[in-house]
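Need coordinates for the following:
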Amino acid sequence: MGSERGPVQVYEVIWRSGHVERVLAHQVAWPGLGAGLFGSRATPQQITFHAEIDGHWLPTLIADEADIQTVRLVTSDEPIPS
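You can find the predicted model right below:
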């Protein structure tokens, strides 16, 4: 999937449940950037992944930060341990 944003990246998300998932994204937005500027939020903080797919800018994953243990950029094809 090429775009003017460059090649789509693969991110590995490890959920607190232990489930491992791979997500395609050109951009990952993490909550808390600029925290304190607008006060506290009553809603859960969310991590959003977006990618350009077929010429459209789309969310590929939106998740509550509390549900995710780790996120990492996958830089090469790697086998996922079972």
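
residues touching Glu65, list them.
Contacts for Glu65 (CB atoms under 8 Å, 6 or more residues apart in numbering) come out as Trp30, Pro31, Pro44, Gln45, Gln46, Ile47. C-beta coordinates here come from the backbone N, C-alpha and C atoms, glycine included.

from those residues, which two are the most distant?
The span of the contacts of Glu65, defined through CB to CB, is set by Trp30 and Pro44 at 13.3 Å.

circling back to that earlier point, can you put the contacts of Glu65 in a markdown table and add secondary structure, pLDDT and neighbour count?
Converted to a markdown table, those look like this (DSSP: H, G, I helix; E, B strand; the rest coil; pLDDT from 0 to 100; neighbours: other CB atoms under 10 Å):
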| residue | secondary structure | pLDDT | neighbour count |
| --- | --- | --- | --- |
| Trp30 | coil | 85 | 11 |
| Pro31 | coil | 78 | 14 |
| Pro44 | coil | 73 | 11 |
| Gln45 | coil | 89 | 12 |
| Gln46 | strand | 92 | 17 |
| Ile47 | strand | 94 | 19 |
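
Make CSV out of those residues and add distance to Val8.
Converted to CSV, those look like this (distance: CB to CB, whole Å):
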residue, distance to Val8
Trp30, 18
Pro31, 22
Pro44, 26
Gln45, 25
Gln46, 21
Ile47, 17
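
So Ala51 is in contact with Tyr11, correct?
No: taking CB atoms under 8 Å as the definition, Ala51 is not a contact partner of Tyr11, at 10.1 Å.

just the strands in this protein please.
Assigned by DSSP state E, the strands in the chain fall at 9-15, 20-25, 27-29, 46-53, 56-64, 68-74.

Bridging across strands, which residues link to the most centrally placed residue in the chain?
The centre of the chain sits closest to Phe49, judged by CA atoms, centre = their mean, with a distance of 3.7 Å. Under DSSP bridges, the beta-bridge partners of Phe49 are Val28, Leu61.

can you pull the contacts of it?
Tyr11, Val23, Leu24, Ala25, Gln27, Val28, Pro59, Thr60, Leu61, Ile62.

Can you tell me, leaving aside adjacent residues, what's nearest to the first one?
I take that to be Tyr11. Val23 (4.9 Å; CB to CB, 6 or more residues apart in numbering).
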